[in-house]
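Trainee: sequence and computational prediction follow.
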Amino acid sequence: MENQNYFSGLVGGVKSLLTGLKTTMREFWTPKITERYPENRKENKMFERFRGQLILPHNELNQHKCVGCGVCQNVCPNDTIIIETEMLEDPETGRKKKVLLNHIYDHGRCMYCMLCVTSCPHGALDFDNEFEYAVFDRTKLVKHLNHPGSVVQPKK
């Protein structure tokens, strides 16, 4: 009885080994598709749906669509986005209006859920397709998305 259990276990082990070797040999002979990554860095393009880093697109006049409402900051589950605004008086109308000072984004904390992009009522945010963001210091992952001297695009 013990010999039967021993031999049935041995046969089962050999079958398992042969199944694994069959898979290994099949993959060994299939053609490989390898990107020569460091060398072909210039030609390497990511697919359209790839989410790289959050950006605040600016036009050629250094204008963006962000009004500083803070919706993206409120919906972000990781507190990745910080909006700093200031209330200034408009010289034309004399009314106070909110002005965006800093739009800070911590790329190291982002989980790419895209809640900020989809919830923005003005369509001010987007993700780029870049993929090389490796750094040695995590403080370099904190970005100011609004460019120096940028203003809000006037409504059409």
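Mentor: Sure thing, it's come through.

Trainee: and the gap between residue 27 and residue 20?
Mentor: 11 Å (C-beta to C-beta, to the nearest Å). In short, each C-beta sits where N, CA and C put it, glycine included.

Trainee: after the longest strand along the chain comes which helix or strand?
Mentor: Assignment by DSSP state E gives strand 96-106 as the longest strand of the chain. The element immediately downstream of strand 96-106 (helix or strand, assigned by DSSP states H and E) is helix 115-119.

Trainee: check which residues of that following helix are buried.
Mentor: 115-117 (16 or more other C-beta atoms under 10 Å).

Trainee: next: stretch 64-83.
Mentor: 64-69, 71-73, 76, 80-81, 83.

Trainee: who are the contact partners of the residue nearest to residue 55 when sequence neighbours are not counted?
Mentor: Distances taken as C-beta to C-beta, 6 or more residues apart in numbering put residue 128 closest to residue 55, at 5.0 Å, once the chain neighbours are dropped. Neighbouring residues of residue 128 by C-beta atoms under 8 Å, 6 or more residues apart in numbering: 52-53, 55.

Trainee: from residue 44, how far out is residue 128?
Mentor: 15 Å.

Trainee: with residue 75 instead?
Mentor: 32 Å.

Trainee: equivalent analysis for residue 6, please.
Mentor: Residue 6 is 55 Å from residue 44, by C-beta to C-beta.

Trainee: between the two, which one's more packed in?
Mentor: Comparing residue 6 with residue 44 by other C-beta atoms under 10 Å, the one with more neighbours is residue 44, at 13 against 10.

Trainee: which helix or which strand is home to the more buried one?
Mentor: Going by DSSP H and E, residue 44 is not part of any helix or strand.

Trainee: residues contacting it?
Mentor: Residues near residue 44 by C-beta under 8 Å, 6+ apart: 35, 37.

Trainee: quick check: closest non-adjacent residue to residue 100.
Mentor: In space, residue 100 is closest to residue 68, 3.8 Å off (C-beta to C-beta, 6+ apart).

Trainee: contact partners for that neighbour?
Mentor: 83, 85, 98-101, 103.

Trainee: can you check residue 55 too?
Mentor: Counted by C-beta under 8 Å, 6+ apart, residue 55 has contacts 125-128, 145.
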